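Asks: Below are the sequence and a predicted model; questions follow.
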Amino acid sequence: LGEDDHDALVRAVLSVRRELPGDTLVVPVPLAERRGRDLLLTAHVAAAYGATHLFAPSFTPADEEAAPLTLAAPEPWAFDESLEVWRPTAKIEPDHVRDEPTEEELADLLDRGEEIPEWFTTPAVAEELRRAHPPRHRRGVTVFFTGLSGSGKSTLARGLSDMLVEQGGRTVTLLDGDIVRRLLSAGLTFSREDRDLNIRRIGYVAAEITRHGGVAVCAPIAPYAATRAEVRRMVAAAGDFVLVHVSTPLAECERRDRKGLYAKARAGVIPEFTGISDPYEVPEDADLTIDTSELSPYDAVTRVFDHLVAGGWVRLG
């Protein structure tokens, strides 16, 4: 479980009560997050509930002296393949120790919706893990297109949304830059502060769509790396985030300038225009890069769709 999966962790712990002695007391305690180690605080809370010992992976003699109960280092346990039970590693022959799945291997099993090995954990805990980390084809995801004005972001976003709807199986919401400007961010200017606020609003809405298992398709310019990173963090706390850099060259974007925005920007009529008088920070963390001057709209959309299929967010058939 991730650092933000506190509720899931509590449910997982409570789910194994039937495996513990009948008089076992399970007490979830919401402690405020603090920098550094909170071992002594945890010890005082445990002692207040009647605990006499506290497992701690590491502690100092000063910790032992200050703690109101006995600190104990947990003995390493492993799964004994010969007896098919968990027991202290020191009592198992080295060639009979079964390696546990790594965090990455466990996450991959959950991503693909495969069963967690019964020897690894109880069915109740496995079910809580699946609830907290559903397979990708059922998990919310935000596809975030970024690129210069005229790069083809909106065309790709609309095409991808249509392709996902036609495929079926996912709820899709399109958050196009122009539509968001008219509805969600009406009244904002094009100053850097307001442009950042516009992207944050898009990120918040996308994160909520993702949290509830939907697919959010976003297509703002989003020129600043820090703001894109903030959106990624918001969405990643709720589900998955796929960043697509539409890298169409500036010259091609100007050639397509149907609204005459680049011409106005070069004439000084539009201040702080991305790519002319204001920078576009090229993503270094893009999951996919597409130059629409080299691909047809259909081929470009298909490339994004295929990426979602390969990643497990979309199931064919």
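Replies: Okay, I see it. Residues are numbered from 1 along each chain as shown.

Asks: buried set for the helix-or-strand element of the chain with minimal mean pLDDT?
Replies: Sorting the helices and strands of the chain by mean pLDDT, DSSP states H and E puts helix 177-183 at the bottom, at a mean of 79. Neighbour-count burial for helix 177-183 flags 177, 180-181 (criterion: 16 or more other C-beta atoms under 10 Å). Glycine gets a C-beta too; all of them are placed from N, C-alpha and C.

Asks: Can you name every helix or strand that it contacts?
Replies: Secondary-structure packing of helix 177-183 (3 or more C-beta pairs under 8 Å, 6 or more residues apart in numbering; DSSP states H and E): helix 153-167, helix 192-211.

Asks: Go again with 7 Å.
Replies: For helix 177-183, the packing partners by 3 or more C-beta pairs under 7 Å, 6 or more residues apart in numbering; DSSP states H and E come out as helix 192-211.

Asks: What's the first helix or strand after the helix it packs on?
Replies: strand 215-219 (DSSP states H and E).

Asks: Which parts of the stretch 201-317 of the chain are strands?
Replies: For the stretch 201-317 of the chain, strands defined by DSSP state E, counting those that start in this stretch occupy the ranges 215-219, 240-246, 288-290.

Asks: now the angle between strand 240-246 and the first one, please.
Replies: Using axes from the mean of the first three to the mean of the last three C-alpha atoms, to 10 degrees, one finds that strand 215-219 and strand 240-246 are set 30 degrees apart in direction.

Asks: Send me strand 215-219 as CSV with only the CA atoms.
Replies: What follows is strand 215-219, C-alpha atoms only, in CSV (Å, rounded to 0.1, in the frame of the first residue of the first chain):
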residue,chain,number,x,y,z
VAL,A,215,-10.9,8.6,-17.7
ALA,A,216,-10.1,12.3,-17.8
VAL,A,217,-8.7,13.6,-21.1
CYS,A,218,-7.1,17.1,-20.7
ALA,A,219,-5.6,19.3,-23.4
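
Asks: From the centroid of the protein, which residue is nearest?
Replies: Residue closest to the average C-alpha location in the chain (C-alpha atoms, centre = their mean): Ala236, at 2.4 Å.

Asks: Mind jotting down where the helices sit in the chain?
Replies: Under the criterion DSSP state H, helices of the chain are mapped to 6-15, 39-48, 61-66, 103-111, 123-132, 153-167, 177-183, 192-211, 225-236, 250-255, 261-266, 297-311.

Asks: So for Asp278, which of those helices sits nearest?
Replies: When those are compared by C-beta to C-beta, helix 192-211 sits nearest Asp278, at 7.4 Å.

Asks: do you know which of the strands of the stretch 201-317 of the chain lies nearest Val16?
Replies: With distances scored as C-beta to C-beta, the stretch of the strands of the stretch 201-317 of the chain nearest to Val16 is strand 240-246 (28.4 Å).
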